[in-house]
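Student: Next come a sequence and a model predicted from it.
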2 protein chains.
Amino acid sequence: MPRTPLPEARRTLGALLRHAYEALAEEVYGALPARGFPEIRRAHGAVFRHLPPAGARLTELAIAAGMAKQSMAYLVEDLARLGHVESRPDPEDGRARRILYTARGRRLLELLLRLSAEAELRLAARIGIEEAATLRRALERLAPA
Amino acid sequence: MPRTPLPEARRTLGALLRHAYEALAEEVYGALPARGFPEIRRAHGAVFRHLPPAGARLTELAIAAGMAKQSMAYLVEDLARLGHVESRPDPEDGRARRILYTARGRRLLELLLRLSAEAELRLAARIGIEEAATLRRALERLAPA
DNA sequence: TTTCTTTCGTCAGATTATCTGACCACTAGC
DNA sequence: GCTAGTGGTCAGATAATCTGACGAAAGAAA
């Protein structure tokens, strides 16, 4: 028998993280339809989380997001079709394509960031500012540099 | 212009939560093949997170996991095929089925809980015991009662 | 400068994990 | 005993990933 009692399955750290993430994602992505972006799905976040304002190559994006380049290509193509990014041939490399935000895509990125910040503020109001700050600090220590 | 500067997309609270969850899930589920359960995928976790030792009905499981009963049925059928759960007609209700762990399923549940506890301990070693405790506390305040 | 190797992206095809709608069997409430 | 509601399945769709094979371009080596 283990010294420490095993946690309930719903109370493992992983389950708690998943739940918090799920709730936050729902707040952010759930707000998009009413804000004029009903076509955006959570999977698109993989692009917005990793595409810097100056643009990036497809393969860079795929690596940053930790997925196959084919998978990233599928998301990027979708966002291009929806008018949020465009993919232009890279002048510096004839094989490569540069993924860039359109004006609409930049507005969406800003909206996502604003909604995220607001959701974090609401969370802080629920659990306490101090508590929320330590939560963020702990998570930041786990994130890659 | 917003008073607070917008966060970088990779530093929203959601992105941080997602990253931490992803890392933890990888530790736990990544260990399964070497421990004799190569057939278990992350989606199966929806069952193990919500199926109590005494069993439950399919619809209860679906509601607890926040998914359609058809989706839960797909996961349960898969785990039944793999010998981790079995689904028997409910003696108290002729329409219903009771989902129960097999002996193998119970061992897997225990392993998952143990791996989760170990991953949490390693995380605490990385960021500090105090920090990990406050992380858990904050997340628990966000979880449903 | 020709060749070899690696990298960038696409094509084709598969699988997993979800959903919705329609339905049947059974229970429960009047 | 009807009628309404619930538990579960069937059928079909879609989203979001993957792997393998490949062509074109770049970079390294000869």
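Tutor: Sure thing, it's come through.
Student: and the residue nearest to A:Arg41 when sequence neighbours are not counted, what pLDDT?
Tutor: Of all residues not flanking A:Arg41 in the chain, A:Tyr29 sits nearest, at 7.5 Å (C-beta to C-beta, 6 or more residues apart in numbering or on different chains). For the C-beta atoms, the positions are set from N, CA and C on the backbone; glycine is no exception. As predicted, A:Tyr29 sits at a pLDDT of 98.
Student: what helix or strand is A:Tyr29 on?
Tutor: If you go by DSSP states H and E, A:Tyr29 is part of helix A:13-30.
Student: and that helix, what does it pack onto?
Tutor: helix A:103-127, helix B:13-30, helix B:103-127, helix B:129-142 (3 or more C-beta pairs under 8 Å, 6 or more residues apart in numbering or on different chains; DSSP states H and E).
Student: And the nearest residue to A:Ala43 once chain neighbours are set aside, how close does it get to B:Ala43?
Tutor: Leaving aside its sequence neighbours, A:Ala43 sits nearest to A:Leu75 (C-beta to C-beta, 6+ apart; 6.0 Å). Applying C-beta to C-beta, to the nearest Å, the value for A:Leu75 to B:Ala43 is 20 Å.
Student: quick one on the thing from earlier: tell me which of the helices and strands packed on helix A:13-30 sits most buried.
Tutor: Most buried of the helices and strands packed on helix A:13-30, by mean neighbour count (mean count of other C-beta atoms under 10 Å in any protein chain shown): helix B:13-30, with a mean of 20.
Student: That one to helix A:103-127, inter-axis angle?
Tutor: 80 degrees (axes from the mean of the first three to the mean of the last three C-alpha atoms, to 10 degrees).
Student: what's the angle from helix B:13-30 to helix A:129-142?
Tutor: Going by the same axes, to 10 degrees, helix B:13-30 makes 50 degrees with helix A:129-142.
Student: which residues sit against helix B:13-30?
Tutor: A:13-14, A:17-18, A:20-21, A:24-25, A:28, A:49, A:66, A:116, A:119-120, A:123, A:135-136, A:139-140, A:142-144, B:9, B:40-42, B:45, B:112, B:115-116, B:119-120, B:122-123 (C-beta atoms under 8 Å, 6 or more residues apart in numbering or on different chains).
Student: of all of chain A, which residue lies closest to DNA strand D?
Tutor: Using C-beta to the nearest atom of the strand, the closest approach of chain A to DNA strand D is made by A:Gly94 at 2.5 Å.
Student: The helix holding A:Tyr29 close to DNA strand C?
Tutor: No. Using C-beta under 7 Å from any atom of the strand, we find that helix A:13-30 stays clear of DNA strand C, coming within 10.6 Å at best.
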